[in-house]
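[1] Next comes the sequence, and after it the predicted model I'd like to discuss.
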Amino acid sequence: MRCAPCGRWKTRSPPGPNYFATSVGVRLSDADALEVIEPLGLDDLFGVRVRRNPARVSVETFRSRIAQKRYAERRPNVKVQ
């Protein structure tokens, strides 16, 4: 699912490796249509997946963060990859 970006992205450089899959923005346009900004797509979001961004964090830091967030306890349907 890809939607047209809002005008705000027209003046910015393309998203870099530090964006997260959860970087999703939604706004209501002047024509009353929803505009979705999703630089990395929506597959992980709708697939309920959490993945490490190798350009951003080490495996050790990622594992620590996953444990801190307590996904297994709070959200058993989340797939950590």
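    That came in fine, so what should we check first?
[2] Which of the three states applies to the residue of the chain most remote from its centre?
    Outermost residue of the chain with respect to the C-alpha centroid, by C-alpha atoms, centre = their mean, is residue 31; its distance is 26.0 Å. The three-state label given to residue 31 by DSSP: H, G, I helix; E, B strand; the rest coil is coil.
[3] For it, list the residues it contacts.
    By C-beta atoms under 8 Å, 6 or more residues apart in numbering, the contact list for residue 31 is empty. Where C-beta positions appear, they are placed from N, C-alpha and C, glycine not excepted.
[4] According to the record, where do the domains of this protein fall?
    Here the domain assignment for the chain is 1-45, 48-81, based on automatic domain parsing.
[5] Can you redo these as JSON lines, where the extra columns are mean pLDDT?
    Converted to JSON lines, the domains of the chain look like this (pLDDT from 0 to 100):
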{"stretch": "domain 1-45", "mean pLDDT": "65"}
{"stretch": "domain 48-81", "mean pLDDT": "87"}
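[6] Strands of this protein, residue ranges please.
    Ranges of strands within the chain are 25-28, 34-37, 49-50, 79-80, based on DSSP state E.
[7] From the contact counts, what lies against the second one?
    Here strand 34-37 is seen to pack against strand 25-28 when contacts are counted using 3 or more C-beta pairs under 8 Å, 6 or more residues apart in numbering; DSSP states H and E.
[8] quick one: strands adjacent to the strand it packs on?
    Strand pairing for strand 25-28, determined by DSSP bridges: strand 34-37 (antiparallel).
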